[in-house]
Every structure is written in structure tokens, then in C-alpha cells.
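Asker: Following is a predicted model, sequence given first.
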Amino acid sequence: MSIKPNVLCFGRFYDDIPGGMQRHVENLFISLAGEVNFIHLVPSRNRKGARFTLHGVPVVRKPSINLDGSLAFSPSLPFEALRLNWRNHFDLIHLHFPDPMSHLASLFLPASIPRIITWHSDVIRQKKLLKLYRPFLMRALERAKAIVVATPMHISSSKELSLIGDSGKFRIIPFGFDLRRFVDRHSDTEDIRRQFPGKRIFALGRHVYYKGFDVLIRAMALLGKDVQLMLGGIGPLTEQWRHEAEAHGVRERVHFLGHIDEDHLPAYYQACDIFCLPAVSRAEAFGIVQLEAMASGKAVVSTRLNNGVDYVNQHGVTGLTVPPKDAVALADALRYLLENEHERQIQGERGRELALKEYSLKNMGELTLALYTDAMSGGGSPSR
């Protein structure tokens, strides 16, 4: 084993389309800069490959066939994994699940290389595929040196993780972020407020079914005409949701912002009165955007999914939670906070304190490096 461990990190994707898993992987590289020699291997969303560097980490993106926007088949990925191992002699393999393609590619590598699995969420939508895949998935979990989860609720809410007999295999490592840029006042904040006068709700994410932005659009029809929704992100449902906004008579108050550059993202959080995450499925297992909003001092309204989303946004402490798919309950929670400035400011301050204390890059890096050391030395991985 080298002084700096050589770690092959598999990821579902890495490209310009935002996603919680790839943002976490990027932050992992930042938190362990100078401590670990990473190589990041991912499939593409199309038939084009690429090689580039991300925070000093070589990224190899192999051509693939995009199956449904979240799942890709890349025949060359296993052979690239073999080639990379032949050249780098990896000490550890770090996988991020759910990701059947990366799991398959990792099976081509020697079983003697320890595996760490970070569990982001269960497979929710592809139920037919899951029936075929579950035996292989459970075998990977049982053989992993450790399973990393961001919150205890990732374990209790997961059908697969709850079947793991060895509780000592779990390691709770809160996802870490550089949240300082959300604390410092952004120069564009006041311009955004002038652009969207009135009371402002901000929501952000890929425009896919489980984000529940259609429910938020229906809730907007129940709120006052002075309420504006700033909706960031893009995706396959963008046009459908534009039509939905028009059908509910809120087209003038629902503003589709498209992709928001990372440099300007803090300004939108700071300009809003409330941040909303109306997810409708446990496919949303954590909600990084909640932490960004909390670091910006904003109260959050989210849905009760009985997983990490609830753990991050604590009802009555850092914001409010409502049942998923309930536009009336969502509108009531948003209205309450919009009309009670003092309450939302208190919740926003509590959220900022929690986000900066518990979800730092330093904390994640130190705990992950200790886990790597345990795994490579043959030690156990006690839960935290």
C-alpha cells in the first residue's frame, strides 16, 4: 500500500447536469485533497467519452447507452476499470449506490481489493429491474467492508439496508459541503429581489418526477397573487410543468430559471423568503439543496419521506414538513411561514447553525479517511 492510498471511485455520472450524487463525490475529492490518490470512473449519458481533471482528480468518462436518464449501459466501463487497476494497483474501491453499471464494472476487479459503498438511496422507480438485481445488490452489500450513510434514517428507511445483519458494517458520515459561499452576501441578491417583487419561494433541482415540482405549482394556485416561485433547474419534465403552470393560472408567477450557474446560486437562496423541496418519492433521499438554503439562513418547507430529507430539515426547528403529493398542505405551510416573518427568521438561523456545524467538508474528510484506513488495514468499521 502506498503512503497515499490509490482509490478508484465509481460514479453514476459526472457532467454538466446537476445531481446530488455527483456533487457529493466532488466534495469528497475536495475534502481529501492531498490525502488520497483518486481516479474517478463514470459512464457518460451518451455515446461520447471524455477525460478531464476535477479538483486534481483524473476523471475518465466512458461512452454509454442512456437507458432512462438515470441509468446507463457502458460496455467499455469494466475493461477501463481493469486497465486502470493494472496501471494504478488500487488499494480501495469506493462505490456509490444505486448504480448497477458501476457495480457490474467493479466485479471485474480482484475481490481482494476492499470495497466501500456509499448508500445514497434505494432503487425506487425501476421495480422490475430491482427484482432481477436485488440478489446481486444484497451480495455486494454483504461483502462490502463498510456501508456509508449520511444519516441514521438512510438505514431505517431502506428495504435493502434493513436486511443487513451486521450493524457494525454501517458508518454514519454526514455529507460535507463548502457552505461558506452561501453565508457571505452575494452582490446579485438585491437585483434578484427587484426582478421578482413580492414574497419569493425558491425551489431547485432536476425536472424529474420525484422532485414534485408539479405539486408545488398546484400549491402556487392556492397562494396569494403577490407570491412568486423562482424554479431553477432543467430536465425532461420542464415543458410539461410549464403547461401545468399555465393550466393552473400561475404562469406569470412561476418563473422557470433554467440552469443556474454555481457562482450565482447563493444569490437566489439569499433573495428568497422560503426554500421548498416538495419531493414525492424516497428517490430524494437527502436533499443537498436544503443544506444550501439553511446555510443561507432560510427556513425550508419539505415533505415527510421518512428518510434523510426529514433528518436534515427538522419540523418546527429548521422549517416545516408536510405529507408528499399534498398541494393543500404544502400551500398551508408555505403561507404560514410567508405570513410569519419572525418564525421563519428563527428557523432560518437554527438551520444555518446546524448546517455549518454538522455538514462540513472537514468533518466528512476526516471520517472518510479514517474509514479508508480501517478498510485497508483489515479492521472493522464500527458504526458512529
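Answerer: Alright, I've got the coordinates.

Asker: Which strand or helix spans the residue sitting furthest away from the middle of the chain?
Answerer: Among the C-alpha atoms of the chain, the one farthest from their average position, using CA atoms, centre = their mean, is that of K225, at 32.2 Å. Secondary structure from DSSP states H and E places K225 outside every helix and strand.

Asker: Surely it is in contact with R253?
Answerer: Yes - in this structure, K225 sits in contact with R253. The criterion is CB atoms under 8 Å, and the distance is 7.1 Å. To be clear about C-beta, it is placed using only N, CA and C from the backbone, and glycine gets the same treatment.

Asker: ranges for the strands of the stretch 101-250 of the chain?
Answerer: In chain order, the stretch 101-250 of the chain shows strands spanning 115-119, 146-149, 170-172, 199-204, 227-232, with DSSP state E, counting those that start in this stretch as the criterion.

Asker: Sorry, slip of the keys, the one I care about is the stretch 251-384 of the chain.
Answerer: Counting by DSSP E, counting those that start in this stretch, the stretch 251-384 of the chain has these strands, from start to end: 254-258, 274-277, 299-303, 319-322.

Asker: So which elements touch the first one?
Answerer: What that stands for is strand 254-258. Identification of packing neighbours for strand 254-258 by 3 or more CB pairs under 8 Å, 6 or more residues apart in numbering; DSSP states H and E yields strand 227-232, helix 238-247.

Asker: what does the last one give?
Answerer: Applying 3+ CB pairs under 8 Å, 6+ apart, we find strand 319-322 packed against strand 299-303, helix 327-339.

Asker: Just send the ones you listed back as CSV, with distance to F13 and mean neighbour count too.
Answerer: As requested, those are exported to CSV (distance: least, CB to CB, whole Å; neighbours: other CB atoms under 10 Å):
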stretch, distance to F13, mean neighbour count
strand 299-303, 25, 29
helix 327-339, 30, 19
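
Asker: Now do the helices in the stretch 151-300 of the chain.
Answerer: 153-156, 180-183, 189-195, 213-220, 238-247, 265-271, 288-295 (DSSP state H, counting those that start in this stretch).

Asker: what's the closest of the ones you listed to R171?
Answerer: Proximity to R171, assessed across the helices of the stretch 151-300 of the chain by CB to CB, is greatest for helix 153-156 (10.7 Å).

Asker: Run through the neighbouring helices and strands of the host helix or strand of H94.
Answerer: Using DSSP H and E, H94 sits within strand 92-97. Using 3+ CB pairs under 8 Å, 6+ apart as the contact test, the elements touching strand 92-97 are strand 6-10, helix 20-31, helix 100-106, strand 115-119, helix 127-143, helix 361-377.

Asker: list the helices and strands the third one packs on?
Answerer: So the one you mean is helix 100-106. Of the remaining helices and strands, those touching helix 100-106 by 3+ CB pairs under 8 Å, 6+ apart are strand 6-10, strand 37-43, helix 77-88, strand 92-97, helix 127-143.

Asker: In a markdown table: those, plus mean pLDDT, mean neighbour count and distance to G19.
Answerer: Supplementary listing: these in a markdown table, determined by pLDDT from 0 to 100; neighbours: other CB atoms under 10 Å; distance: least, CB to CB, whole Å:
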| stretch | mean pLDDT | mean neighbour count | distance to G19 |
| --- | --- | --- | --- |
| strand 6-10 | 97 | 23 | 15 |
| strand 37-43 | 95 | 24 | 11 |
| helix 77-88 | 96 | 16 | 18 |
| strand 92-97 | 96 | 24 | 11 |
| helix 127-143 | 85 | 13 | 19 |
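
Asker: I260 touches Y268, doesn't it?
Answerer: Yes - applying CB under 8 Å, one finds I260 in contact with Y268, separated by 6.2 Å.

Asker: out of the two, which sits in the busier spot?
Answerer: Between I260 and Y268, counted using other CB atoms under 10 Å, Y268 has the larger neighbour count: 24 against 17.

Asker: Please tabulate the helices and strands packed on helix 100-106 in a markdown table, including the columns distance to A203.
Answerer: Below are those laid out as a markdown table (distance: least, CB to CB, whole Å):
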| stretch | distance to A203 |
| --- | --- |
| strand 6-10 | 30 |
| strand 37-43 | 27 |
| helix 77-88 | 34 |
| strand 92-97 | 25 |
| helix 127-143 | 27 |
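
Asker: Relative to I217, tell me which of those wins on proximity.
Answerer: helix 127-143 (26.8 Å).

Asker: how about K62, phi and psi?
Answerer: Backbone geometry at K62, expressed as degrees, to the nearest 10, gives phi -100, psi 150.

Asker: ok, now R61?
Answerer: Given degrees, to the nearest 10, the pair of backbone angles that R61 has is phi -110, psi 120.

Asker: and it, what does it touch?
Answerer: Under the criterion of CB atoms under 8 Å, 6 or more residues apart in numbering, the neighbours of R61 are Y14, D15, V42, P43, S44, G49, A50, R51, F52.

Asker: swap the cut-off to 7 Å and go again
Answerer: Residues in contact with R61 (CB atoms under 7 Å, 6 or more residues apart in numbering) are Y14, V42, S44, G49, A50.

Asker: ok so, going back, output the strands of the stretch 251-384 of the chain in TSV; the columns should cover distance to E35 and mean pLDDT.
Answerer: As requested, these are arranged in TSV below (distance: least, CB to CB, whole Å; pLDDT from 0 to 100):
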stretch	distance to E35	mean pLDDT
strand 254-258	37	97
strand 274-277	32	98
strand 299-303	33	98
strand 319-322	35	98
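
Asker: Can you name the residues that contact V7?
Answerer: With contacts defined as CB under 7 Å, 6+ apart, the neighbours of V7 are V36, N37, F38, F90, D91, L92, H94, Y372.

Asker: could I get those residues as a markdown table with distance to V25?
Answerer: Formatted as a markdown table, the entries for those read as follows, by distance: CB to CB, whole Å:
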| residue | distance to V25 |
| --- | --- |
| V36 | 13 |
| N37 | 15 |
| F38 | 9 |
| F90 | 16 |
| D91 | 18 |
| L92 | 15 |
| H94 | 9 |
| Y372 | 15 |
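
Asker: Quick check: nearest residue in space to R206, chain neighbours excluded?
Answerer: Of all residues not flanking R206 in the chain, G235 sits nearest, at 4.4 Å (CB to CB, 6 or more residues apart in numbering).
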